[in-house]
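J.: sharing a model prediction with you, sequence too.
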Amino acid sequence: MKPTFKDYLSIALALLAIFLCGYGIGFLLGQRNQPSQPPAPTSPEIHIPDWETWERSIVQTIEQDIPDLTPEQRQAIRREVSETATRIKTARQAGRREFQSLDDRLKQYLTPEQQTKLRTASPD
């Protein structure tokens with residue numbers, strides 16, 4: 001007996017139904033097993049840390065990890081963290097000034113129209 005067009009159509013529709021069922025089940029299981037995550041940023045954002053919060057969290061982490069610190073050790077750790085934050089802030093400001101200086105130096109080689117197209121060299 002020779003298969004007819006109706007037989008081929010029935011087989012194609014059955015395969016399509018099986019494929020769609022598999023796709024639907026995979027979609028549902030995939031959605032259920034994915035942890036909820038905030039959406040990834042679509043454009044680079046400038047991140048300016050809150051240094052007081054950073055200092056506080058570092059000190060809290062150290063004090064939680066090493067609960068038997070003496071008062072002198074705690075004071076020394078807090079002072080070191082504070083001084084480090086100050087040095088980091090100063091270095092970041094110096095870096096920003098260097099990037100601005102680079103932008104200014106690059107502009108001398110460009111026409112006014114090209115200067116308007118120049119993006120800042122700063123990664124911030």
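T.: On my side now, so go ahead. Numbers count the residues shown, from 1 in each chain.
J.: so how far is the longest helix anywhere in the chain from its chain's centroid?
T.: The residue-count maximum for a helix in the chain (DSSP state H) belongs to helix 71-107. Taking C-alpha atoms, centre = their mean, to the nearest Å, one finds the center of helix 71-107 at 22 Å from the center of the full chain.
J.: tell me which other helices or strands that helix touches.
T.: Using 3 or more C-beta pairs under 8 Å, 6 or more residues apart in numbering; DSSP states H and E, the elements in contact with helix 71-107 are helix 51-65. To be clear about C-beta, it is placed using only N, CA and C from the backbone, and glycine gets the same treatment.
J.: now do the buried residues in the helix it packs on.
T.: Residues of helix 51-65 classed as buried by neighbour count (16 or more other C-beta atoms under 10 Å): 55, 58, 59, 62.
J.: circling back to that earlier point, got the angle between the longest helix of the chain and helix 51-65?
T.: For helix 71-107 against helix 51-65, the angle by axes from the mean of the first three to the mean of the last three C-alpha atoms, to 10 degrees is 140 degrees.
J.: worst-scoring helix or strand of the protein, pLDDT-wise?
T.: Lowest mean confidence among the helices and strands of the chain (mean pLDDT, DSSP states H and E): helix 5-33, at a mean of 83.
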